[in-house]
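Participant: All I have is the shape, not the residue letters:
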Ligand SMILES: *Cc1c(COP(=O)(O)O)cnc(C)c1O
């Protein structure tokens, strides 16, 4: 199946209001252009350098999402153009994004990453840390970042009940947060293996790579 066919099949399964982020990490520009020509405009990358290079080389109406774990010293390279940062998991990182956004005279939309998986290898805040971040004076004084919602990754397991439980937990944190921050609208959860469950549990944004572009070959 071609990238175009994969995209059409996935899009036909997505309810209205669910945004598809085509995760193009490790994939060449030719693959991205194939998806672009099929109408896809939102792409996700997990390495800043790679995203910058693709941004320079590819059409300028592409929206680039940073979906991976982000180091503070890399924020400056993407501050000019990044459309959404999914993996914000500390006040320090948010401060750096705010600072770099200010240099470019813009507001960078961000998602706070929550830790919902059982593995402790996955990054993210717990509910207490989320609360602390949002209540901090430092956060309240930031003018160049905007929190648009939450992101999370479920445990890598074939146990569907476990995945569903974790997504449901994230959705409930999201609903609680929406009462305090009515402006938030994005709940980024679901990848190739689990997006159907994520959508049933209330996802509004899915990040899908291998089901569109095929399996990745890491060097
Ligand atoms: C790679 C990646 C994805 C996409 O994974 P697939 O299983 O290929 O769909 C989604 N989210 C994040 C954070 C990723 O790093």
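Facilitator: Perfect, I can see it now. Only a predicted model underlies this, so the values are computations on that prediction, with no experimental measurement involved.
Participant: Next, find the distance separating residue 176 from the ligand.
Facilitator: 23 Å (Cβ to the nearest ligand atom, to the nearest Å). Every residue, glycine included, has its C-beta placed from N, CA and C.
Participant: Pull the distance from the host helix or strand of that residue to the chain's centre.
Facilitator: Assessed by DSSP states H and E, residue 176 sits inside helix 160-180. On the basis of Cα atoms, centre = their mean, to the nearest Å, helix 160-180 is displaced by 16 Å from the centre of the chain it belongs to.
Participant: And the contacts of stretch 159-167?
Facilitator: 116-118, 152, 154-155, 157, 189-190, 194, 197-198, 200-203 (Cβ atoms under 8 Å, 6 or more residues apart in numbering).
Participant: Next, see if it gets close to the ligand.
Facilitator: No. Figure legend: stretch 159-167 not in contact with the ligand (Cβ under 6 Å from any ligand atom); closest approach 12.8 Å.
Participant: Sort out which residues of that stretch are buried, please.
Facilitator: Buried positions in stretch 159-167, judged by neighbour count with 16 or more other Cβ atoms under 10 Å: 163-164, 166-167.
Participant: do stretch 137-157 as well
Facilitator: 139, 142, 144-145, 147-154.
Participant: Can you list the neighbours in contact with stretch 98-108?
Facilitator: So stretch 98-108 is in contact with 75-76, 79-80, 82, 85, 97, 142-146, going by Cβ under 8 Å, 6+ apart.
Participant: Output the residues you listed in JSON lines; the columns should cover pLDDT, distance to the ligand and secondary structure.
Facilitator: Shown next, in JSON lines, are those (pLDDT from 0 to 100; distance: Cβ to the nearest ligand atom, whole Å; DSSP: H, G, I helix; E, B strand; the rest coil):
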{"residue": "75", "pLDDT": "98", "distance to the ligand": "17", "secondary structure": "helix"}
{"residue": "76", "pLDDT": "98", "distance to the ligand": "21", "secondary structure": "helix"}
{"residue": "79", "pLDDT": "98", "distance to the ligand": "20", "secondary structure": "coil"}
{"residue": "80", "pLDDT": "98", "distance to the ligand": "22", "secondary structure": "coil"}
{"residue": "82", "pLDDT": "98", "distance to the ligand": "15", "secondary structure": "coil"}
{"residue": "85", "pLDDT": "98", "distance to the ligand": "12", "secondary structure": "strand"}
{"residue": "97", "pLDDT": "98", "distance to the ligand": "17", "secondary structure": "helix"}
{"residue": "142", "pLDDT": "98", "distance to the ligand": "24", "secondary structure": "coil"}
{"residue": "143", "pLDDT": "98", "distance to the ligand": "27", "secondary structure": "coil"}
{"residue": "144", "pLDDT": "98", "distance to the ligand": "24", "secondary structure": "coil"}
{"residue": "145", "pLDDT": "98", "distance to the ligand": "19", "secondary structure": "strand"}
{"residue": "146", "pLDDT": "97", "distance to the ligand": "20", "secondary structure": "strand"}
